[in-house]
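# sequence first, then the predicted structure:
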Amino acid sequence: MRVLVISDIHANYTAFETVIEDAGKFDAVWCLGDVVGYGPDPNACVELLSEQPNLACVLGNHDVAALGRMPLESFNGDARRSLLWQERVLSADSIEFLETLPQEAMGGEHVTLVHGSPRDPVWEYILNTLSARLNFDAFETDFCFVGHTHVQSMFHMDLERDRVSLDIPRVGLPVELSGRAILNPGSVGQPRDRDPRAAYAIFDTEALTWAPQRVEYDIPSVQARIREAKLPEKHALRLADGW
Ligand code: ZN
């Protein structure tokens with residue numbers, strides 16, 4: 001099975017639509033949360049996501065906040081302004097979809113899916129080998145797919161040496177997975193690794209390969225909708241810089 005792995009769409013419909021087109025044929029979509037927050041198109045993104053085949057999707061911190069389940073003080077001023085706006089514009093269908101999402105899900109037999117980390121599914125950022133090492137004890141499967149940092153990355157655990165290394169895999173080159181690994185496909189709608197192209201990955205469940213991908217999309221049209229909706233200017237500017 002060829003799986004499209006995505007995360008952190010952040011209400012950026014243009015980036016999401018471009019990723020779906022660029023990914024080619026896929027049998028399933030695994031989404032690692034933060035469908036909403038920051039961007040101008042929360043309802044369109046939820047709708048497109050809900051139409052995807054064999055969808056597995058977990059909750060991100062922005063999704064939890066948009067459902068009113070988390071105090072907005074946990075977010076910085078600009079993120080909070082976007083969330084207040086989303087609470088106003090989210091349709092009943094979007095809310096219903098987000099309300100069904102779990103904090104953790106299984107991707108086939110081999111993969112645990114969470115937004116942040118297996119030990120703190122909604123909030124923890126896995127940014128370095130220390131936090132990755134601590135998290136390998138918190139899931140049972142060989143692999144765990146995470147989002148939240150908006151950085152395409154891969155933490156591999158060498159089982160013989162009990163050592164964890166961080167790799168930034170080359171775009172388009174499939175990596176054969178072995179041992180155990182924590183993998184992040186990067187962010188569809190707001191990349192933060194100084195590469196403004198939308199990020200995703202293709203996971204092959206039989207070959208156990210992981211191929212990180214990037215694709216250019218029409219950033220100015222998203223910036224125009226952010227300004228039209230009077231969302232924070234910072235959220236428009238950062239898209240062009242990829243941070
Ligand atoms: Zn996010």
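Nice, I can see it. Computed from a predicted model, the values in this text were never measured in an experiment.
# all helices for the protein, in order.
In the chain, the helices defined using DSSP state H lie at 13-22, 42-50, 61-66, 77-89, 92-99, 129-136, 219-228, 233-241.
# residues from this structure in reach of the ion?
Within the chain, the positions near the ion by CB under 5 Å from the ion are Asp8, Asp34. Yep, even glycine has a C-beta here, placed from its N, CA and C like the rest.
# contact partners for Cys45?
By CB atoms under 8 Å, 6 or more residues apart in numbering, Cys45 lies in contact with Ile9, Ala11, Asn12, Tyr13, Phe16, Val35, Val36, Gly39, Gly189.
# neighbours of the nearest residue to the fifth one once chain neighbours are set aside, how many?
So the one you mean is Phe16. Among residues not flanking Phe16 along the chain, Ile9 sits closest, at 5.0 Å (CB to CB, 6 or more residues apart in numbering). Residues near Ile9, counting by other CB atoms under 10 Å, number 34.
# before we move on, back to that, pick the most buried one from the helices of the chain.
Highest mean neighbour count of the helices of the chain: helix 61-66, a mean of 25 (counted as mean count of other CB atoms under 10 Å).
# give me the contacts around it.
10, 33-38, 42, 70, 72, 74-75, 79, 83, 86-87, 90, 98, 101, 115-116, 122-123, 148.
# in PyMOL, select just the buried ones from those residues.
The PyMOL command for the buried members of these (criterion: 16 or more other CB atoms under 10 Å) is given here:
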select buried, resi 10+33+34+35+36+37+38+42+70+75+79+83+86+87+90+98+101+115+116+122+148
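# in strands only, show me the contacts of helix 61-66.
Nothing among the contacts of helix 61-66 maps onto strands, per DSSP state E.
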